[in-house]
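**Student:** Sequence and computational prediction follow.
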Amino acid sequence: MKPARRWAVAGCAALLLAQGASSAHALPSYAQVKSAYVPSESLLVARDGRPLHSRRIDTTVRRFAWTPLHDMSPALLRAVIASEDKNFFEHSGVDWKAAGSAAWSNVWDSAGKKRLRGASTLTMQLVGLIDEDEKRRGRRSVLEKISQTALALQLDRQWSKRQILEAYLNLVAFRGELQGVGAMSRTLFGKWPDGLVEREAALAAALLRAPNAAPRLVSQRACFLLKELERASECEGLDSFATYSLGGDLRQGTDVAPLAPHLAAKLLTRPGQTVKTSLDADLQGFAAESLRRHLRALAPQNAQDGAVLVLDNATGEVLAWVGSSGNLSDAANVDGVTALRQAGSTLKPFLYGLAFQRKTLTPASLIEDAPLALDTGNGLYAPQNYEPDYRGWVSIRTALGGSLNVPAVKTLTRIGPEPLRKTLREFGFDSLTESGEWYGYSLALGSADISLLMLANAYRALANAGVWTPLRSTPSRLAARFDAPMPCADKGCAGVFAGAGNLPKRIALSAPAAFQISDILADRNARAGTFGLESWLSTPYWSAVKTGTSKDMRDNWCAGYSRRYTVGVWVGNAAGEPMHDVSGIAGAAPVWREVLDWLHRGDATLGRPVVVSASPEAPKGLLRTRVRFDPPAEAAREEWFLPGTEHTVVRAATLRALGQISYPANGTIVALDPDIPPQRQRLPLRLSSPPEPGWRWRLNGKSLGPVATANTWLPRAGAHELELVSQSGQALDRVRFEVRAMPDRGKPTR
C-alpha cells in the first residue's frame, strides 16, 4: 500500500472515533450564519432608501454588508479555489488525497528540510470560522484536527458548495482588521468585489495564508498563483501595485457620501444598523452645498461654521439636517443644529405675539424708538439698535419688521421677563432654565442660549397657527408603526423630539396672535426701513422670516417659513469667535433663501412638483380695519386687530400711557447692611419716563408723596408693593419687592 493511502486509511479509522463525538454537535445552518453576521458599519438612509451616511461602530473589526456569491468577481473565485482548495467542487468536505500526501510529506520532512504542506479545505477552514468550539480549541493536536475533519464532512452534507464558498469569503480575515471580501475589496482596491481583476484577485487570495505578510512576499505568492492560472503577464509591475494597495494609500472604505454625519452620530449606535430617516437626500446635498458656498465667500470676514435645518410644517419631519460646513471648519464634529447659542433678535416675534395675545399692544400701536436706560439693580441697561440712529414714534409692525431693539425692550418692560420666558418655554425653548428676572430685559434681544433645532421648531409653531408639536427624524408612516428613535434628548435637543414624555401638541400662542406675527414677518414694507424692499428675505411666494445677530456678531440667524416648510440657518464660528461685519441679512439669509427657493420651485426631471405658497387665511376672531396715524408717522393702511383693540386713528401715546416703574424692578430683593448708616441706604424710586403732573407713589397702600419730589425711600425689612398712581388715584403700574436685614456682624447670632 502506498504511504499516502496508508495515512488516509489511518485517518479514516481515527475519524470514525471522532464522528461519534461530533454527531451530537450541531453546526449552524447557512441561514443562521448569514443572519448572525453583523457588519461593523451602520447605515443612515434617506426617506427613499438612498444611503446618506455610513458610520463605523465596531472598531475591533472591519466588516461590510454580506456579499452574495454572484456579486463576487469570477477572477477572485478562481484565484481563491486555486490557492486554497483545488478540488473544492469534487470532494465531500475533506480532500483525502491531499490530506494523505500532506501527512506523508510532513513526516518525511520532520527534520525541517522542506516547507510543510497543509491540506485544510475551504470547508474545514469554514468550520473553524463558524463553530464556537473550534474557535476556542484552535488546531493544536491531531485529535482536534480529526474533530474539525468530521465537522467538515457534516457541513458539506448540510450546505451547498456555493453556500460554503460564499460564507467563507464573507467571514475569512484578509489583512489586519479587514474581514470578508467586501471590506477587503473596498479598503485595499477601492472597488466592490464584483470588479476585482486578475492581479487584484491573486493578491487577495495570497493574503489568505498570511494576512499580515509584507507586500513583497504577498506579491511573490500572487505571482506564483497567476502563473498557475496561466496569467503570468499580470506579474509585471505587481510589486509596486502590491505596495500601493497594501500600504494604506487607498482607503476609500465605502462610497456612501457623508451627507449627514451629525444626525448619523446620534441615530447610529449599533453595528449593522440601517436607520431610515425622514431626510430628503437631494435637499440634504443642496443645503450643505449652499451653506459651504456662502461660507467660502464669508471666509475673509472670519465666518467658517454654519448649520441648516429644514422641517415639514404639517408632519414635523426633519427634511434636512446640516450640522457644519465640513472641512471648511476647524470644528467639523460640532453639531451647529443642536449647539446652544445666543438667539439675538429671533425671539422678538414671540415677545410681540404675547403682547398681542394679552391685548397690551396691536400691530398698529405706536412706540417710541428713542434712547433708553433702565435701572436693573445691577446698573443701567441701555439697549441700542443695530443701526446707530433712532426713528422716533413707530408702529409695532415697523418695530418688528425692522427688528428695532429699543421698542422690543420697552415692550418687555410692560410684559415682564418671566411671562415671556414662560411663553418661550411653551414654544419649545427648554434651554431657558433660569427665571425671567435672571435673564432680565436683555431677554427681549435674545440674550438666552438656544439651539437652531429649538428655534426652527418654534417658528414652525408660528406657521401652524401657534400650535407646537414635537419633531420626528423618521418618516411619519414609520413612526406610526413603532416608537420612532429620538436623535437626542438633552441640551440643544431638550424637549424637541417626540417621546420622553413630550405632549403631542400644545397651544403656545393663540391663532389670531400667531397670524398677526406671521403677517408682519411676511410684510416687506414693514422691514423696508432696515432691509430695503428687495433683499434675500423677499420671496416671490408667501413666506414669513426673521433674522438675528447676537452680541459682537458671534451668531447669525435666519429663520422663516412658507405655508409648507420651515427653514432655519445659523452662521458663525463653533469656537465662539466674532465675525467681522456679518449680519443676519448678509450671513444666514442667503442660505435660507436658496434652500426655500429649492423647496418651492420643484424639478420636473426628478419628479419634484412646484410647491405653491399662498397667503394664509385669517383665523376667526380677527378684524381687518383701515387705520391712519396722527401725526402721520406712517402711511394709512389695512391692519389686523383682535376684537376690542381696533382703532381707525392711532395717536402717539401720552406720558401717562408710557408710565412704568423702572426701579425697583418686580421681584427685586434688597439686602440692608448693618455697618452702613440707614440714611446712606435709601432706596431710589425711578420711572422709565418723566412723570405727568399729579403722579404719586403709593407703598403698601399708603402715599409716599409726589413722584417729582419723593424719589427715595428709607427701606424697612419685609415684603412691599410699590404703585405708581395717577392724579385721579388710578394705579398705572405696580411692582413687588423684598427688603432683607442682614445680621449685625458686631453681635453674636443664634
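**Tutor:** Now that the structure is in, tell me what you want to look at.
**Student:** and the gap between S54 and S325?
**Tutor:** Between S54 and S325 the computed distance is 21 Å (C-beta to C-beta, to the nearest Å). Placement of C-beta: from N, CA and C, glycine included.
**Student:** which residues touch stretch 160-176?
**Tutor:** Stretch 160-176 is touched from outside by 30, 33-34, 37, 62, 66-69, 72, 76-77, 80-81, 88-89, 122-123, 125-126, 129-130, 155-156, 159, 179-184, 188, 204, 207-208, 211-212, 246, with contacts defined as C-beta atoms under 8 Å, 6 or more residues apart in numbering.
**Student:** Would you mind checking these for buried ones?
**Tutor:** 30, 33, 37, 62, 66-67, 69, 72, 76-77, 80-81, 88, 122-123, 125-126, 129-130, 155-156, 159, 179-184, 188, 204, 207-208, 211, 246 (16 or more other C-beta atoms under 10 Å).
**Student:** Where strands are concerned, which of these count?
**Tutor:** The members of those that map onto strands under DSSP state E are Q179.
**Student:** Filter the contacts of stretch 160-176 down to the ones in helices?
**Tutor:** Among those, the subset assigned to helices under DSSP state H consists of 30, 33-34, 76-77, 80-81, 122-123, 125-126, 129-130, 155-156, 181-184, 188, 204, 207, 246.
**Student:** which secondary structure element contains the residue nearest to T362 when sequence neighbours are not counted?
**Tutor:** In space, and not counting its chain neighbours, T362 is closest to T645: 4.8 Å by C-beta to C-beta, 6 or more residues apart in numbering. Assessed by DSSP states H and E, T645 sits outside every helix and strand.
**Student:** same thing with Q148?
**Tutor:** Following DSSP H and E, one finds Q148 within helix 142-158.
**Student:** Go through that helix and flag the buried ones.
**Tutor:** K145, I146, S147, Q148, T149, A150, L151, A152, L153, Q154, L155, D156.
**Student:** Please tabulate those residues in a markdown table, including the columns distance to A458.
**Tutor:** Formatted as a markdown table, those follow (distance: C-beta to C-beta, whole Å):
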| residue | distance to A458 |
| --- | --- |
| K145 | 69 |
| I146 | 72 |
| S147 | 67 |
| Q148 | 65 |
| T149 | 69 |
| A150 | 68 |
| L151 | 63 |
| A152 | 65 |
| L153 | 68 |
| Q154 | 64 |
| L155 | 61 |
| D156 | 65 |
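**Student:** Out of those residues, which comes closest to G560?
**Tutor:** L155 (63.6 Å; C-beta to C-beta).
**Student:** From what I see, that closest one and L27 are in contact.
**Tutor:** Yes - between L155 and L27 a contact is recorded at 5.6 Å, counting by C-beta atoms under 8 Å.
**Student:** Please enumerate the shared neighbours of those two.
**Tutor:** In contact with both L155 and L27: V127, using C-beta under 8 Å, 6+ apart.
**Student:** gap between stretch 421-432 and the chain center?
**Tutor:** 20 Å (C-alpha atoms, centre = their mean, to the nearest Å).
**Student:** That stretch: end-to-end distance?
**Tutor:** 7 Å (C-alpha to C-alpha, to the nearest Å).
**Student:** Quick check: buried residues in it?
**Tutor:** Those would be R421, T423, L424, E426, F427, G428, F429, D430, S431, L432, for stretch 421-432 by 16+ other C-beta under 10 Å.
**Student:** and what of stretch 26-40?
**Tutor:** So, applying 16+ other C-beta under 10 Å, buried residues of stretch 26-40: L27, P28, Y30, V33, Y37, V38, P39, S40.
**Student:** Quick one: mean pLDDT for it?
**Tutor:** Average pLDDT, stretch 26-40: 92.
**Student:** Now do it: everything it contacts.
**Tutor:** 56-66, 127, 130-131, 151, 154-155, 158-160, 163, 167, 170-171, 183, 271-272.
**Student:** and the closest residue to N313 other than its chain neighbours, how many neighbours?
**Tutor:** Leaving out its chain neighbours, the residue that sits closest to N313 by C-beta to C-beta, 6+ apart is A463, at 4.9 Å. Neighbourhood size, A463 [other C-beta atoms under 10 Å]: 23.
**Student:** With A232 as the reference, measure out to L238.
**Tutor:** 11 Å.
**Student:** quick one, which of these two is more surrounded?
**Tutor:** L238 (20 against 12).
**Student:** ok, the more buried one touching R199?
**Tutor:** Yes - under the criterion of C-beta under 8 Å, L238 makes contact with R199 at 6.0 Å.
**Student:** where do the contact lists of those two overlap?
**Tutor:** Listed as contacting both L238 and R199 by C-beta under 8 Å, 6+ apart are A222, L226.
**Student:** follow-up on the earlier one: how far out from the middle of the chain is the helix holding Q148?
**Tutor:** 52 Å.
**Student:** Stretch 495-514 now?
**Tutor:** 20 Å.
**Student:** start at 27 instead
**Tutor:** Fine by me, first position is 27 from now on; the one you just mentioned is stretch 521-540.
**Student:** How about the contacts made by I393?
**Tutor:** L387, W419, V420, S421, I422, A425, P433, K436, T437, A679.
**Student:** Next, it: phi, psi?
**Tutor:** Per-residue torsions, I393: phi -140, psi 140 (degrees, to the nearest 10).
**Student:** how far away is it from A659?
**Tutor:** Taking C-beta to C-beta, one finds I393 at 11 Å from A659.
**Student:** Show me the common contact partners of those two, please.
**Tutor:** Common neighbours of I393 and A659 (C-beta under 8 Å, 6+ apart) are W419, V420, S421.
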